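Q: no sequence for this one, just the structure:
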């Protein structure tokens, strides 16, 4: 009779937990104490490496949701997109761990970064590549059903599957904006707002790149709804 504590999965770890999660490799990705220029490199790497893992998951779910939208499987797409949104919330939350680094300590950590910058993040690039594809699939879905975006909101209960998907999409857009905003504020808190970043980009320029909207029509439809509501309240009708 086999011992249930003995590993059965392939790998080098002492237990199946270690082998399945590949913890030997995962925990070897950080610099050793003898390799760091400052102990806070461990904090810096933990935040950014875990962010990349969550971004990979978020974008995997986003890409799969996009394919489901193309297949008109709207509820299934909404379920996956909800996961993406929760992952983005986690990423934004643990950015604030970097606030435990003093500006003086980060100045030393920065000497080890070379020309590395957030714009080079594979996860950041994938977010900007994948998100517009979801918007295209959603617009094609609306066209295929013969409805306008305004219809989705005015006939919400009748078109509830489309409404729920649209709301998860704008949540994704909003959380991506908040992620960039929090990242910028953490950067300003640590290195200042009137300095040059590691790739020669002034920090104040980064602020102009926060409000990137992948689904602008979802924001604009709210303007239209408010305008119509105001016209109705003023007694001028809604036509």
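A: On my side now, so go ahead. Keep in mind that this is a model prediction, so the values were computed, not measured. Numbering: from 1, shown residues only.

Q: ok, residue 164 - how many residues close by?
A: Residue 164 has 19 neighbouring residues, counting by other Cβ atoms under 10 Å. All C-beta atoms are positioned from the backbone trio N, CA, C, and that covers glycine.

Q: and it, what does it touch?
A: Shown in contact with residue 164 (Cβ atoms under 8 Å, 6 or more residues apart in numbering): 74, 75, 78.

Q: please redo it, this time with the cut-off set to 7 Å
A: Listed by Cβ atoms under 7 Å, 6 or more residues apart in numbering, the contact set of residue 164 reads residue 78.

Q: what's the answer for residue 121, then?
A: Contacts of residue 121 by Cβ under 7 Å, 6+ apart are residue 52.

Q: what segments of the protein are helices?
A: Under the criterion DSSP state H, the chain contains helices at 16-21, 23-26, 41-70, 74-95, 103-109, 122-145, 149-154, 160-191, 203-207, 216-233.

Q: setting aside sequence neighbours, what's the nearest residue to the most centrally placed residue in the chain?
A: Closest to where the C-alpha atoms of the chain average out (Cα atoms, centre = their mean) is residue 88, at 4.0 Å. Excluding its sequence neighbours, the residue lying closest to residue 88 (Cβ to Cβ, 6 or more residues apart in numbering) is residue 175, at 4.2 Å.

Q: that neighbour reaches residue 89, doesn't it?
A: Yes: using Cβ atoms under 7 Å, residue 175 makes contact with residue 89 at a distance of 6.1 Å.

Q: between the two, which is the more surrounded one?
A: Comparing residue 175 with residue 89 by other Cβ under 10 Å, the one with more neighbours is residue 175, at 19 against 16.

Q: give me the pLDDT value at residue 4.
A: Note on residue 4: pLDDT of 81.

Q: just give me the neighbour total for it.
A: There are 7 residues near residue 4, going by other Cβ under 10 Å.

Q: next one: it relative to residue 16, how far apart?
A: 10 Å (Cβ to Cβ, to the nearest Å).

Q: and for residue 35?
A: For residue 35 relative to residue 16 (Cβ to Cβ), the value is 30 Å.

Q: output the lowest mean pLDDT helix or strand found in the protein.
A: helix 203-207 (a mean of 66; mean pLDDT, DSSP states H and E).

Q: out of the helices of the chain, nearest to residue 8?
A: helix 16-21 (6.3 Å; Cβ to Cβ).

Q: tell me the buried residues in the closest one?
A: Going by neighbour count (16 or more other Cβ atoms under 10 Å), the buried part of helix 16-21 is 18, 19.

Q: tell me if I'm right that residue 153 and residue 222 touch.
A: No: using Cβ under 7 Å, residue 153 makes no contact with residue 222, being 8.3 Å away.

Q: those two: which has the busier surroundings?
A: The neighbour comparison of residue 153 against residue 222 (other Cβ under 10 Å) goes to residue 153, with 18 against 11.

Q: residues in contact with that one?
A: 163, 221, 225.

Q: and of those residues, the nearest to residue 191?
A: So of these, ranked by how close each gets to residue 191 (Cβ to Cβ), first place is residue 221, at 38.5 Å.

Q: hang on, that closest one packs against residue 152?
A: No: Residue 221 is beyond contact range of residue 152, at 8.1 Å (criterion: Cβ under 7 Å).

Q: perfect, that will be all.
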